[in-house]
Each structure stands twice: as C-alpha cells, then as structure tokens.
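**Q** just need the structure, nothing else, for what follows:
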Amino acid sequence: MKNIKITFSILAIALTFVLSGCAKDSETTPDAGTREAFLGKWSVSETWTKLSYEVTISADPSSSNGVFISNFANTGTSSVPASAAVNGSTILLDTPQVIGDDITITGSGNLSGTKIVWSYSLDNGASLINAIATYTRQ
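**A** Purely as a prediction, here's the structure:
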C-alpha cells in the first residue's frame with residue numbers, strides 16, 4: 001500500500017510539472033490585422049543587394065496605424081527611418097519620402113504569419129532599383 005501511495009505521489013508531481021509546462025505564455029502573438037503585428041526586429045533578405053541585414057519596426061506615436069522602419073533598404077541605423085502605414089495585413093510606405101543619401105522610396109509589403117514580403121523601388125536620381133525583400137520575424 002505504501003508503494004502505491006509513493007507511486008501516486010510521484011505521478012501527481014510529474015503531472016503537475018507537465019501541465020505547468022503547457023501554460024500559455026504571457027507574450028502572445030499580436031493579431032495579424034493590427035499594427036502591433038508588424039512591430040519588432042526583423043531579419044531581411046533582399047534581391048538586389050543579395051545581403052542580409054536587420055530592421056526594426058516601431059510605432060509612430062503620433063498615428064494609430066503609422067510605423068517607422070529603421071535601416072530600411074540597408075541605409076544604416078543612423079539614417080532617417082522610413083515611415084509607413086499599416087492597413088490590415090498590408091504595410092504601405094508613405095510617399096513622397098526620401099531616406100539615406102537622397103533615395104526616394106515607394107512600395108508596400110504584405111504580412112503573412114511571421115514574414116513580410118515587400119516590393120519597393122529606390123530612386124537616387126541616377127538609377128531606379130526595383131527590389132523584393134522578405135522580412136522574417138526574429
């Protein structure tokens with residue numbers, strides 16, 4: 001009888017640990033149709049530069065759907081961030097907009113799961129570059 005009580009106690013403790021491991025995290029993934037789903041750090045893979053780099057998307061405090069994208073198009077973290085607006089699962093760069101070394105940017109992206117696929121143009125006055133980039137949430 002004593003062995004049954006010990007076995008039952010061990011099973012109860014083990015079950016407690018297993019169930020506590022299934023508790024929902026306090027950090028939840030934001031809904032895909034909200035600005036919060038776009039916020040954070042993203043790893044970028046881009047077609048025209050063939051480089052990988054990081055951007056940070058932060059909320060524009062003066063707008064309910066606006067965001068700032070630091071290091072957009074790998075212009076550097078000290079460059080003026082790109083501004084954009086979120087509408088559902090779409091993010092649209094504000095136009096007209098100049099970032100980096102006098103680069104005019106236009107374009108948009110779509111959020112699906114943990115990725116944003118972008119299509120945008122960069123125009124420095126001498127050449128027009130059309131780029132595709134994939135942002136992956138870090």
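**Q** now do the helices in the protein.
**A** Secondary structure of the chain (DSSP state H): helices located at 2-21.
**Q** where in it is the helix or strand with the lowest mean pLDDT?
**A** Ranking every helix and strand in the chain by mean pLDDT, DSSP states H and E puts helix 2-21 at the bottom, with a mean of 43.
**Q** mind checking how far residue 60 is from residue 125?
**A** Distance of residue 60 to residue 125, computed by C-beta to C-beta, to the nearest Å: 27 Å. Yep, even glycine has a C-beta here, placed from its N, CA and C like the rest.
**Q** so if I had to pick from those two, which one is more boxed in?
**A** The residue with more neighbours, out of residue 60 and residue 125, is residue 60; 17 against 8, by other C-beta atoms under 10 Å.
**Q** and the spatially closest residue to residue 82 that is not a sequence neighbour, how many neighbours?
**A** Nearest residue to residue 82, sequence neighbours excluded (C-beta to C-beta, 6 or more residues apart in numbering): residue 72, at 3.7 Å. Other residues near residue 72 come to 29 when the count uses other C-beta under 10 Å.
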